[in-house]
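In: following is a predicted model, sequence given first.
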Amino acid sequence: MGNAIYKLVDGKGRVLIPKALREAANLEYGGIVRLGLADGKVTVRRVDVIEPGDQSPEAVEAYVHAALKTMPDSTRLQLLAELSGLLQKKEA
């Protein structure tokens, strides 16, 4: 992976990370990346958990995705049932 790869930033500021790079970095759907700025360069780093104190909606969503990956199926199903109940109450 030593060769440079050039990508365009789309109208929403997104950049597609090519599959070969995602696989090399062990990034999968729902994975968390930390974006930073160092010496005028954007950095991207795969992380397993978000930094404490970040309460942004994106950070919370990333944390939930990471937490769900480590939970047993029984816990996931219990949470799904609770969320479903909350949505049904909200619609009523």
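Out: Okay, I see it. All of these numbers come straight from a predicted model, not from anything done at the bench.
In: what residues sit buried inside the lowest-mean-pLDDT helix or strand in the chain?
Out: For the chain, counting by mean pLDDT, DSSP states H and E, helix 57-70 ranks last in confidence among helices and strands (a mean of 81). Buried positions in helix 57-70, judged by neighbour count with 16 or more other Cβ atoms under 10 Å: 62, 66. In this view, the C-beta of every residue, glycine as well, is placed from N, C-alpha and C.
In: nearest residue to the spatially most central residue of the chain other than its sequence neighbours?
Out: With the centre of the chain defined as its mean C-alpha position, the nearest residue by Cα atoms, centre = their mean is residue 32, 3.7 Å away. Spatial nearest neighbour of residue 32, excluding adjacent residues (Cβ to Cβ, 6 or more residues apart in numbering): residue 62 at 4.5 Å.
In: separation between that neighbour and residue 8?
Out: The span separating residue 62 from residue 8 equals 24 Å under the rule Cβ to Cβ, to the nearest Å.
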